[in-house]
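*Asks:* okay, structure incoming, though there's no sequence with it:
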């Protein structure tokens, strides 16, 4: 493939889709400034090269700036809301996440989360409609690209529904339809997520080089998580088993290699934009010139067991003045000369073991659950658990293992506390003015001005 040509095409298609978005998108939900002119969807999806570039443009958009929704934002803001991170003198908008006192007028809430998510969703919808109507894109490529954008749309809605609860379910580009959308119930959003991921898993290939585009197994890995979140234990275990048993991935024995670009554990990862930028998480968490914005909470540090290699290799100290802080060190690099060697890991195999372990424990298959748990613990050189423990004790240990293995990754701890009804018990002691209503973020005030029918979440009226 001629990547120079593809890059030029990507720029052309990104501009074109932005133009289409401004005309067909729902300004009641996402305001996009209108450019001077537009190009038709039929032009953007007239051949294989332009269609590839259009979808590549979606990925460029997602990776355009650190701390945005799918580019570090989901590893930062929910971790502040949970009990994982402490912070320096943050700007007020970030401090609100830490204190669980988010204002509906919070700029980051609107720009980095809500608006970014719906911009990506509309771009997915544009790509889907353009591909479905296209007569110039080859059948095999059309199938693959449709699977990719369905996966991305499902990923966006998965995080939206877990951040905000009921959300508008925009599935097309018709401005009149989108303008009338109200918030769809959580169950309805999840039904669409499952449909998108099921379709994607049937349309996508098994493998893509370095796992930098969605594949069948990426769709199934996210689907296993969705089934876990919706308490469909049998399906969660079944789909996670497909991924685990695929022989495409395995747990990296060396923890320092887990988040490198060539890791055998990675199911899906975003490629950073730019010649020197590595992962967004490295940019966010690794200090520069002893300037540290975020560090791990004492509560989190205290739950690491003695001898846990994750404490040694994924946590790093820095001493500023007379105080030593410990920050997330899964990603080691901010920038580096090409080639970039750390990408943004979205899905990895360890989570699938933990999904299956929890599903098995809920099904009272404790021996199988413990075996999966021990696969993760053995890599960290920790003692294995006995299969004679009770299902309830197994679930407690799974929560602990998820907290350690997945810390500062993609909001896992925040979502785990909420879906297991543990948020009140844990976050009441955090020190902020916690309220049960804080489990959902507020709908941005600017969106309510455009669409009052959306309604506000409880506690933010």
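*Replies:* In hand now; what should we look at? If you're wondering where the values come from, they're calculated on a predicted model, not measured in any experiment.

*Asks:* my read is that residue 434 contacts residue 417, right?
*Replies:* No - the criterion here is CB atoms under 8 Å, and residue 434 misses it with residue 417 at 11.1 Å. Where you see a C-beta, it was placed from the backbone N, CA and C, and this is true even at glycine.

*Asks:* common neighbours of those two, please.
*Replies:* residue 427 (CB atoms under 8 Å, 6 or more residues apart in numbering).

*Asks:* neighbour count winner among the two?
*Replies:* For residue 434 versus residue 417, neighbours defined as other CB atoms under 10 Å are more numerous around residue 417 (22 against 18).

*Asks:* which one is that one nearest to, not counting chain neighbours?
*Replies:* residue 423 (4.3 Å; CB to CB, 6 or more residues apart in numbering).

*Asks:* where in the protein is the helix or strand with the lowest mean pLDDT?
*Replies:* Scoring the helices and strands of the chain by mean pLDDT, DSSP states H and E places helix 3-24 at the bottom, with a mean of 43.

*Asks:* mind giving me the packing neighbours of the helix ranked longest in the chain?
*Replies:* As assigned by DSSP state H, the longest helix anywhere in the chain is helix 139-164. In terms of contacts (3 or more CB pairs under 8 Å, 6 or more residues apart in numbering; DSSP states H and E), helix 139-164 is packed against helix 48-62, helix 116-133, strand 167-168, helix 186-203, helix 216-229.

*Asks:* ok, then the element right after the least confident helix or strand of the chain?
*Replies:* helix 41-44 (DSSP states H and E).

*Asks:* what mean pLDDT does that following helix have?
*Replies:* Mean pLDDT, helix 41-44: 81.

*Asks:* what does stretch 180-200 give?
*Replies:* For stretch 180-200, the per-residue pLDDT averages 97.

*Asks:* distance between it and the chain's centre?
*Replies:* Remark: stretch 180-200 is offset 17 Å from the chain centroid, using CA atoms, centre = their mean, to the nearest Å.

*Asks:* now it: buried residues?
*Replies:* 181, 183-184, 189-190, 192-194, 196-200 (16 or more other CB atoms under 10 Å).

*Asks:* looking at these, which is nearest residue 105?
*Replies:* residue 183 (19.3 Å; CB to CB).

*Asks:* please report the distance of the residue of the chain most remote from its centre from residue 316.
*Replies:* Taking CA atoms, centre = their mean as the measure, the residue most remote from the mean C-alpha position of the chain is residue 322, 35.9 Å away. Per CB to CB, to the nearest Å, residue 322 is found 18 Å from residue 316.

*Asks:* how about residue 225?
*Replies:* Taking CB to CB, one finds residue 225 at 28 Å from residue 316.

*Asks:* how about residue 454?
*Replies:* Counting by CB to CB, the gap from residue 454 to residue 316 is 42 Å.

*Asks:* got a list of what the most centrally placed residue in the chain touches?
*Replies:* Centroid-nearest residue in the chain, with CA atoms, centre = their mean: residue 410, separated by 4.9 Å. When contacts are counted by CB under 8 Å, 6+ apart, residue 410 is found next to 74-75, 346.

*Asks:* end to end, how far does stretch 102-116 reach?
*Replies:* One end of stretch 102-116 to the other measures 18 Å (CA to CA, to the nearest Å).

*Asks:* got the buried residues for it?
*Replies:* By neighbour count on 16+ other CB under 10 Å, the buried set for stretch 102-116 is 102, 104, 106, 108-116.

*Asks:* what segments of the stretch 351-461 of the chain are strands?
*Replies:* Taking DSSP state E, counting those that start in this stretch as the test, none of the stretch 351-461 of the chain falls into strands.

*Asks:* thought residue 60 was touching residue 271?
*Replies:* No - between residue 60 and residue 271 there is no contact under CB under 8 Å: 9.5 Å.

*Asks:* surely residue 263 is in a strand?
*Replies:* No - Residue 263: not assigned to a strand; according to DSSP: H, G, I helix; E, B strand; the rest coil it is coil.

*Asks:* could you report the neighbour count for it?
*Replies:* Residues near residue 263, counting by other CB under 10 Å, number 23.

*Asks:* can you check residue 406 too?
*Replies:* Residue 406 has 19 nearby residues by other CB under 10 Å.

*Asks:* can you tell me, leaving aside adjacent residues, what's nearest to it?
*Replies:* residue 412 (4.0 Å).

*Asks:* check residue 342 too.
*Replies:* For residue 342, ignoring the flanking residues on the chain, the nearest one in space by CB to CB, 6+ apart is residue 278 at 4.2 Å.

*Asks:* before we move on, what about residue 374?
*Replies:* residue 384 is the one closest to residue 374 (CB to CB, 6+ apart), at 4.1 Å.

*Asks:* likewise for residue 113?
*Replies:* residue 69 (5.6 Å).

*Asks:* phi and psi next, for the one you found.
*Replies:* phi -40, psi -70 (degrees, to the nearest 10).

*Asks:* what separates it from residue 260, distance-wise?
*Replies:* 24 Å.

*Asks:* ditto for residue 75
*Replies:* 17 Å.

*Asks:* which of these two has more residues huddled nearby?
*Replies:* Ranked by neighbour count (other CB under 10 Å), residue 75 and residue 260 place residue 75 first, with 28 against 20.

*Asks:* helices of the stretch 351-461 of the chain, start to end?
*Replies:* 366-379, 391-405, 412-419, 423-427, 445-450 (DSSP state H, counting those that start in this stretch).

*Asks:* using TSV, lay out these together with distance to residue 234 and mean pLDDT.
*Replies:* What follows is the helices of the stretch 351-461 of the chain, written out as TSV (distance: least, CB to CB, whole Å; pLDDT from 0 to 100):
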stretch	distance to residue 234	mean pLDDT
helix 366-379	13	98
helix 391-405	15	98
helix 412-419	17	99
helix 423-427	26	96
helix 445-450	38	93
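
*Asks:* between those helices, which one is nearest to residue 360?
*Replies:* Across the helices of the stretch 351-461 of the chain, closest to residue 360 is helix 366-379 (CB to CB), at 3.8 Å.

*Asks:* the contacts of residue 410 in helices, which ones?
*Replies:* Per DSSP H, those map to helices at 74-75.

*Asks:* nearest to residue 166, of the contacts of residue 410?
*Replies:* Nearest to residue 166 among the contacts of residue 410, with distances taken as CB to CB, is residue 74, at 19.3 Å.

*Asks:* so how far is residue 346 from the closest one?
*Replies:* 9 Å.

*Asks:* these two: which has the busier surroundings?
*Replies:* Comparing residue 74 with residue 346 by other CB under 10 Å, the one with more neighbours is residue 74, at 28 against 20.
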